[in-house]
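In: how would this look folded up:
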Amino acid sequence: MGPGILVVLVLAVAFGVTSFVTVQQGTVAVVTVFGKFKRIMRPGLSVRIPFIEQVFRRISYQNRAMEMKFQAISQDQANVYFAAMLLYSVLNEEQQTIENVAFKFMDERSFMQALVRSVEGAVRAFVATKKQAEILLLRTEIIRHVKEQLDRQLEDWGYHLMDLQINDISFDEDIMKSMSRVVASNNLKAAAENEGQALLITKTKGAEAEGNAIKISAEAERIAAQMRGQGVALFREEVARGLAAAAKEMESAKLDASFILFSMWTDAIKHFAETGKGNTIFLDGSADNYRRTMQEMMSTLQGFDKKPDGNA
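Out: Alright, predicted model coming up:
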């Protein structure tokens with residue numbers, strides 16, 4: 001084999017080897033011809049013209065994340081510190097989009113710098129219109145504002161801002177301490193109000209229960225007194241009937257009615273002696289006192305024996 005054939009063979013092998021390009025999954029290759037955009041290569045094995053078509057850049061369209069920290073100033077001149085995370089990706093795999101990604105910026109570092117400064121500018125513009133006390137409650141509004149401001153601009157660059165997460169919002173140490181004191185005082189105020197309400201409810205319920213108990217006790221006492229009065233009245237009525245019946249029996253038997261009174265008198269003295277529990281009972285046992293007592297009892301008994309029309 002001559003030297004010429006060997007050279008041709010080596011060139012053919014080199015030409016064949018450099019004609020094939022492998023593109024990784026999740027990326028595309030931008031191909032240029034003499035520095036001008038020609039086409040893009042999709043994932044897999046592709047063929048190019050050696051020494052004429054050059055792989056200018058490989059672009060990943062997978063999701064990418066970046067953390068960032070920056071500072072903003074509120075309307076009332078308070079320093080606000082943000083810690084955020086950006087999630088972005090290439091808008092799509094269309095040729096025009098890939099061409100924008102490849103040639104809008106000189107390199108990836110320039111794009112990252114522009115993206116970071118754009119996000120910071122949008123956040124600072126929003127925070128500058130709000131007071132320090134409002135910012136902690138506006139996390140969602142800040143994210144919405146940034147996305148509205150950057151979506152069209154990033155689309156022109158060939159990218160899409162998928163998500164912006166604000167992980168932390170903080171202030172200067174003095175402001176944080178004052179905010180902590182405000183929160184603590186509000187919590188103490190809320191606790192005092194809750195305790196006051198609980199005490200008021202407890203006392204109100206206690207007063208209601210006591211009032212209801214008094215009402216129930218008074219009603220029970222009223223009913224008991226009424227029943228006791230009715231019992232006494234019935235007892236007296238029965239006693240009166242019994243005395244009247246006994247007087248009629250004594251009269252029909254032609255006996256002196258004072259015998260009934262004497263029997264009642266002795267029974268009463270006997271009952272006093274049995275139930276007195278050692279107490280001393282003084283009775284006037286003179287004949288005059290006995291006679292006076294019997295006369296009073298006889299007059300009472302005669303009153304029971306009268307008829308309703310007043311005749312004996």
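In: Pretty sure M41 sits against F20.
Out: No - using Cβ atoms under 8 Å, M41 makes no contact with F20, being 10.9 Å away. (C-beta placed from N, C-alpha, C; glycine too.)
In: Strands of the stretch 51-200 of the chain, residue ranges please.
Out: Counting by DSSP state E, counting those that start in this stretch, one finds strands in the stretch 51-200 of the chain at the ranges 53-60, 64-73, 79-90, 159-171.
In: what do M41 and F20 both touch?
Out: Listed as contacting both M41 and F20 by Cβ atoms under 8 Å, 6 or more residues apart in numbering are R48.
In: I269 - how many residues pack around it?
Out: The local packing of I269 (other Cβ atoms under 10 Å) involves 12 other residues.
In: I'd like the average pLDDT over the host helix or strand of it.
Out: Following DSSP states H and E, one finds I269 within helix 258-275. For helix 258-275, the mean pLDDT works out to 71.
In: Same check on stretch 286-300?
Out: On average, stretch 286-300 scores 69.
In: before we move on, what about stretch 76-84?
Out: 90.
In: Export only the CA atoms of stretch 140-159, formatted as PDB.
Out: Provided in PDB are the C-alpha atoms of stretch 140-159 (Å, rounded to 0.1, in the frame of the first residue of the first chain):
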ATOM      1  CA  THR A 140     -47.800  36.000  47.300                       C
ATOM      2  CA  GLU A 141     -48.400  39.500  45.800                       C
ATOM      3  CA  ILE A 142     -44.600  40.000  45.400                       C
ATOM      4  CA  ILE A 143     -44.200  36.700  43.500                       C
ATOM      5  CA  ARG A 144     -47.200  37.500  41.300                       C
ATOM      6  CA  HIS A 145     -45.800  41.000  40.500                       C
ATOM      7  CA  VAL A 146     -42.400  39.600  39.600                       C
ATOM      8  CA  LYS A 147     -43.800  37.000  37.300                       C
ATOM      9  CA  GLU A 148     -46.100  39.600  35.600                       C
ATOM     10  CA  GLN A 149     -43.100  41.900  35.000                       C
ATOM     11  CA  LEU A 150     -40.600  39.200  33.800                       C
ATOM     12  CA  ASP A 151     -42.700  36.700  31.800                       C
ATOM     13  CA  ARG A 152     -42.700  38.700  28.600                       C
ATOM     14  CA  GLN A 153     -39.100  39.700  28.900                       C
ATOM     15  CA  LEU A 154     -37.900  36.200  29.500                       C
ATOM     16  CA  GLU A 155     -40.000  34.900  26.600                       C
ATOM     17  CA  ASP A 156     -38.100  37.200  24.300                       C
ATOM     18  CA  TRP A 157     -34.900  35.700  25.700                       C
ATOM     19  CA  GLY A 158     -36.200  32.200  25.100                       C
ATOM     20  CA  TYR A 159     -36.700  31.400  28.800                       C
END
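In: Just the residues contacting that stretch, thanks.
Out: 88-91, 97-101, 104-105, 111, 114-115, 118-119, 122-123, 125-127, 135, 160-161, 164-166.
In: same deal with stretch 67-74?
Out: With contact meaning Cβ under 8 Å, 6+ apart, stretch 67-74 is reached by 79-86, 116, 119-120, 123-124, 127-128, 130-132, 135.
In: A122: how many residues sit nearby?
Out: Neighbours of A122 using other Cβ under 10 Å come to 19.
In: Good, wrapping up.
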